[in-house]
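From the sequence below, what's the structure:
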Amino acid sequence: MGVKPGGCSGLSYEMFFDTERLQNDVFESYEGRYWY
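Numbers count the residues shown, from 1 in each chain. Next up, the predicted model:
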């Protein structure tokens, strides 16, 4: 998740989905699904 210039307030949020887990990622499971 990040911000970039734009939008009414001057900043817009952006979100990216990764396909690989990196060494520093936090890994959690919730109701049988895994998130990192």
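
alpha carbons only for contacts and neighbour counts from here, please
Noted.

chain center to the worst-scoring helix or strand of the chain on mean pLDDT: distance?
In the chain, the helix or strand scored least confidently by mean pLDDT, DSSP states H and E is strand 33-35, which has a mean of 78. Put simply, strand 33-35 sits 13 Å off its chain's centre (Cα atoms, centre = their mean, to the nearest Å).

Note down every partner strand of that strand and its orientation.
On the basis of DSSP bridges, the sheet neighbours of strand 33-35 come out as strand 28-30 (antiparallel).

for the partner strand, the distance to its chain's centre please.
Relative to its chain's centre, strand 28-30 lies at 15 Å (Cα atoms, centre = their mean).

repeat for stretch 20-35
12 Å.

Let's see the distance spanning it from one end to the other.
11 Å (Cα to Cα, to the nearest Å).

what do you get for stretch 4-15?
Termini of stretch 4-15 sit 11 Å apart (Cα to Cα).

Over to stretch 17-31?
End-to-end distance for stretch 17-31: 20 Å, by Cα to Cα.

how distant is it from the center of its chain?
Stretch 17-31 sits 10 Å away from the centroid of its parent chain (Cα atoms, centre = their mean).

Give the rounded mean pLDDT of it.
Averaged over stretch 17-31, pLDDT sits at 83.

Could you list the residues in contact with stretch 12-28?
Met1, Gly2, Val3, Lys4, Pro5, Gly6, Tyr34, Trp35, Tyr36 (Cα atoms under 8 Å, 6 or more residues apart in numbering).
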